[in-house]
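Visitor: build me a structure from this.
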Amino acid sequence: MAAQQGMPTSALRGLEEALGMGMTVSGDTNEAVAAEGAYYLEQVTLTEASEDDYEYEEIPDDNFSIPEGEEDLAKAIQMVQEQATDTQILEQKTVLSSKHAVPEAIEDFLCNFLIKMGMTRTLDCFQSEWYELLQKGVTELRDVGNVPDVYSQNMLLENENKNLKKELKHYKQAADKAREDLLKTQKVRDFHRMHHKRTVQEKNKLINDLKGLKLHYASYEPTIRVLHEKHHTLLKQKMLTSLERDRAVGQIYGLQETLKHMEIGHSSHAPEIRVAPNCEKENAPEGPTQKGLREAREQNKRKTKMKVNKKDSEFPTDMQPNPNLSLCKENICPAKFDYKLNNILRLHKLPVSCIVVHPHKDILVSCGEDRVWKVVGLPRGNVLLTGLGHTDWLSDCCFHPSGNKLATASGDTTVKLWDLFKGSCISTFEGHTHAVWSCTWHSCGDFVASSSLDTTSKIWDVNSERCRYTLYGHTDSVNSIEFFPYSNILLTGSADKTLSVWDARTGKCEQSLYGHMHSINDATFTPRGHVIASCDACGVTKLWDFRKLSPIVSIDVGPSPGNEVNFNSSAYPSCVPMEGAECI
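Guide: Predicted structure coming up:
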């Protein structure tokens with residue numbers, strides 16, 4: 001039909017799509033609704049006899065003007081072709097299928113289009129030929145196809161457009177976040193870069209300072225070497241001078257004794273000769289040399305008398321067995337106490353440095369920085385005895401194994417022994433050059449050991465009242481000292497972070513224990529003697545196996561320092577052994 005009228009098929013398709021956006025076509029009622037008016041079409045059966053005689057009803061429409069002439073028709077066809085070409089391009093790019101199939105009423109579509117365009121002659125030709133073909137059965141509406149659903153396509157395109165806009169917004173947000181993260185990362189990078197540069201500068205500065213200190217130290221080494229040589233030389237000279245002095249004193253003492261014997265011998269034969277020299281000696285003035293010789297002679301006499309009268313004590317070889325070792329074999333339950341405040345004793349004006357309980361009686365001794373020690377009765381807290389004699393603060397005290405004597409250590413570099421029955425000092429041990437921190441009794445009661453700030457420990461003989469051994473080995477202050485129960489072994493704890501085990505009979509160090517990272521303030525044995533406990537200045541307490549000389553456990557209760565550590569002797573044994581088990 002299109003070929004007979006001289007209009008191409010593509011042009012008709014373009015007309016269909018162009019007009020399909022402005023109207024809705026219904027094939028059931030043959031009703032066409034235009035943009036500005038409504039038109040009704042009736043189906044008429046044409047025959048060959050009545051084809052020329054049929055009169056068409058004219059539909060007036062003032063809004064549309066029918067173009068006349070071939071030029072206007074050519075322009076309209078060209079416009080429709082261009083629209084058809086654009087539609088094909090769009091179809092190639094986006095192909096969307098309609099959701100609902102709409103029956104095609106192509107003849108109504110074409111008629112409405114031709115009426116709207118004012119092409120009445122073309123409309124007449126189209127209707128006459130279209131209905132003629134329908135009557136003949138040549139054209140069937142089923143084979144034509146469906147009218148495209150433009151509204152559905154528009155909705156799909158709008159939905160896709162919205163989705164694309166949402167994705168675009170999401171991508172923009174992700175890009176903004178990535179930009180912010182990038183800026184933060186750049187700032188962090190710049191900060192670390194500056195920190196690295198500053199660290200490198202500090203490192204280089206420290207390296208330069210270290211090199212300078214090394215050079216400075218190297219310049220002092222020759223001077224230190226010369227001073228050491230001079231020091232050793234002076235020590236040798238001092239030693240030689242001391243030897244010469246002792247030799248001279250000995251010679252003088254010998255000459256004096258010889259003169260005495262000679263005077264005694266002459267006095268038996270000629271007593272009158274003895275008067276004149278004595279008178280001359282009494283009348284002659286005594287010079288400084290003679291006075292020094294006389295004092296040295298008197299001191300030697302006192303030492304000789306002490307040596308003659310007092311003998312050194314012997315370290316016991318057969319020690320008494322430790323009675324605490326048998327406690328583990330007995331099933332003694334540990335004592336339970338309800339600890340509560342019973343009384344407050346105000347004994348000293350200055351801080352209290354040590355408290356010791358009597359081994360057999362209900363009394364205790366307290367020492368303070370006010371240079372006084374006091375014996376207090378329990379539980380009332382009445383003062384039984386007060387001891388005065390030290391010239392500086394007291395640091396430690398210890399009872400004699402029998403409980404009749406007391407040893408005190410002081411900052412005046414001395415150790416004093418006191419008789420508790422008389423309340424008087426019976427001995428004073430001098431020999432340390434700095435403050436004495438701790439003291440302890442040997443189980444036999446004949447020896448006292450002391451530790452001092454001068455990095456040494458000393459073993460004093462109570463009977464001969466002299467120092468038997470000086471223990472050298474620690475490099476810093478020796479803060480604590482204690483005898484192993486019922487033995488000749490000593491344990492010392494030092495500020496050089498080590499524990500040392502000594503043989504009191506020889507004064508030699510047998511073993512050193514390492515493990516503390518700070519100054520050791522106190523160390524002690526268990527009553528059975530198989531475990532050592534020590535505490536340091538950072539609050540760390542360690543337990544050591546004395547049999548293996550190895551650490552057992554470490555307890556950190558810092559950061560406050562641990563000043564003293566002790567075992568509860570009433571709680572031994574701390575476990576009740578089962579059959580086949582051994583109490584540790």
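Visitor: for the rest of this, base every contact and every neighbour count on C-alpha atoms.
Guide: Will do.
Visitor: mind listing the helices for the stretch 351-500 of the chain?
Guide: Remark: no helices are assigned in the stretch 351-500 of the chain by DSSP state H, counting those that start in this stretch.
Visitor: I misspoke; the intended subject was the chain.
Guide: Ranges of helices in the chain, per DSSP state H, are 2-5, 9-20, 70-93, 106-117, 120-136, 150-269, 275-283, 288-309.
Visitor: what's the domain layout of this protein?
Guide: 2-148, 323-571 (automatic domain parsing).
Visitor: below-threshold pLDDT in the stretch 51-200 of the chain: ranges please.
Guide: 51-72, 89-106, 139-149 (pLDDT under 70).
Visitor: and for the chain?
Guide: Scanning the chain for pLDDT under 70 picks out 1-72, 89-106, 139-149, 264-310, 318-339, 569-584.
Visitor: one more time with 50, if that's ok
Guide: Judged by pLDDT under 50, the chain has its weakly predicted residues at 1-40, 49-52, 54, 61, 63-66, 94-104, 269-285, 307-308, 328-331, 571-584.
Visitor: run through the bridge partners of the residue lying closest to Leu513 once chain neighbours are set aside.
Guide: Spatial nearest neighbour of Leu513, chain neighbours left out: Leu499 (4.9 Å); criterion: C-alpha to C-alpha, 6 or more residues apart in numbering. Taking DSSP bridges as the rule, Leu499 bridges to Gly493, Leu513.
Visitor: now Val415: how far from Arg505?
Guide: 20 Å (C-alpha to C-alpha, to the nearest Å).
Visitor: more neighbours, the two?
Guide: With neighbours defined as other C-alpha atoms under 10 Å, Val415 and Arg505 compare such that Val415 has more, 29 against 15.
Visitor: tell me who's in contact with that one.
Guide: Contact partners of Val415, counting by C-alpha atoms under 8 Å, 6 or more residues apart in numbering, are Ala407, Thr408, Ala409, Thr428, Phe429, Glu430, Val436, Cys439, Ser450.
Visitor: verify the stated contact: the first one with Cys398.
Guide: Meaning Ala407. Yes - with contacts defined as C-alpha atoms under 8 Å, Ala407 counts as touching Cys398 at a distance of 5.3 Å.
Visitor: what's the overlap in contacts for the two?
Guide: Shared contacts of Ala407 and Cys398 (C-alpha under 8 Å, 6+ apart): Cys439, Thr440, Trp441.
Visitor: of those - the most surrounded one?
Guide: Most neighbours among those, by other C-alpha under 10 Å: Cys439, with 28 neighbours.
Visitor: and the gap between that one and Leu168?
Guide: Going from Cys439 to Leu168 by C-alpha to C-alpha gives 87 Å.
Visitor: and Gln237, how many neighbours?
Guide: 12.
Visitor: circling back to that earlier point, which of the shared contacts of Ala407 and Cys398 lies closest to Asp190?
Guide: Within the shared contacts of Ala407 and Cys398, the smallest distance to Asp190 is 62.8 Å, found for Cys439 (C-alpha to C-alpha).
Visitor: burial count for the closest residue to that closest one other than its chain neighbours?
Guide: Spatially, and ignoring its direct neighbours in sequence, Cys439 is nearest to Ser450 (4.3 Å; C-alpha to C-alpha, 6+ apart). Applying other C-alpha under 10 Å, we find 31 other residues in the vicinity of Ser450.
Visitor: got it, and Lys340?
Guide: Quick note: Lys340 (other C-alpha under 10 Å) scores 6 neighbours.
Visitor: which residues does the residue nearest to Leu513 contact?
Guide: The contact partners of Leu499, taken as C-alpha under 8 Å, 6+ apart, are Leu491, Thr492, Gly493, Ser512, Leu513, Tyr514.
Visitor: could you do Ser477 as well?
Guide: The contact partners of Ser477, taken as C-alpha under 8 Å, 6+ apart, are Ser452, Leu453, Asp454, Thr455, Thr456, Ser494, Ala495, Asp496.
Visitor: can you list phi and psi of it for me?
Guide: Main-chain dihedrals, Ser477, degrees, to the nearest 10: phi -60, psi 140.
Visitor: check Trp393 too.
Guide: Backbone torsions for Trp393, taken as degrees, to the nearest 10, come to phi -60, psi 150.
Visitor: returning to what we had before: make a markdown table out of the contacts of Val415 and add distance to Val478.
Guide: Formatted as a markdown table, the contacts of Val415 follow (distance: C-alpha to C-alpha, whole Å):
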| residue | distance to Val478 |
| --- | --- |
| Ala407 | 18 |
| Thr408 | 16 |
| Ala409 | 13 |
| Thr428 | 20 |
| Phe429 | 18 |
| Glu430 | 17 |
| Val436 | 9 |
| Cys439 | 11 |
| Ser450 | 9 |
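Visitor: quick one: the residue nearest to Cys439 from Thr414, how far?
Guide: Relative to Thr414, Ser450 is positioned 9 Å away (C-alpha to C-alpha).
Visitor: who touches both of the two?
Guide: Shared contacts of Ser450 and Thr414, defined by C-alpha under 8 Å, 6+ apart, comprise Val436.
Visitor: rewinding a little: turn the contacts of Ser477 into CSV, columns for neighbour count and distance to Phe126.
Guide: Below are those laid out as CSV (neighbours: other C-alpha atoms under 10 Å; distance: C-alpha to C-alpha, whole Å):
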residue, neighbour count, distance to Phe126
Ser452, 28, 134
Leu453, 21, 132
Asp454, 17, 134
Thr455, 21, 132
Thr456, 24, 135
Ser494, 28, 126
Ala495, 23, 123
Asp496, 19, 122
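Visitor: which one of those is nearest Leu133?
Guide: Taking the contacts of Ser477 together and measuring to Leu133 by C-alpha to C-alpha, the closest member is Asp496, at 124.4 Å.
Visitor: surely the closest one meets Thr455?
Guide: No - judged on C-alpha under 8 Å, Asp496 makes no contact with Thr455 at a distance of 9.4 Å.
Visitor: overlap in contacts of those two?
Guide: Between them, Asp496 and Thr455 share these contacting residues under C-alpha under 8 Å, 6+ apart: His474, Thr475, Asp476, Ser477.
Visitor: quick check: phi and psi on the second one?
Guide: When quoted as degrees, to the nearest 10, the phi and psi of Thr475 stand at phi -100, psi 0.
Visitor: neighbours around it, how many?
Guide: Neighbours of Thr475 (other C-alpha under 10 Å): 14.
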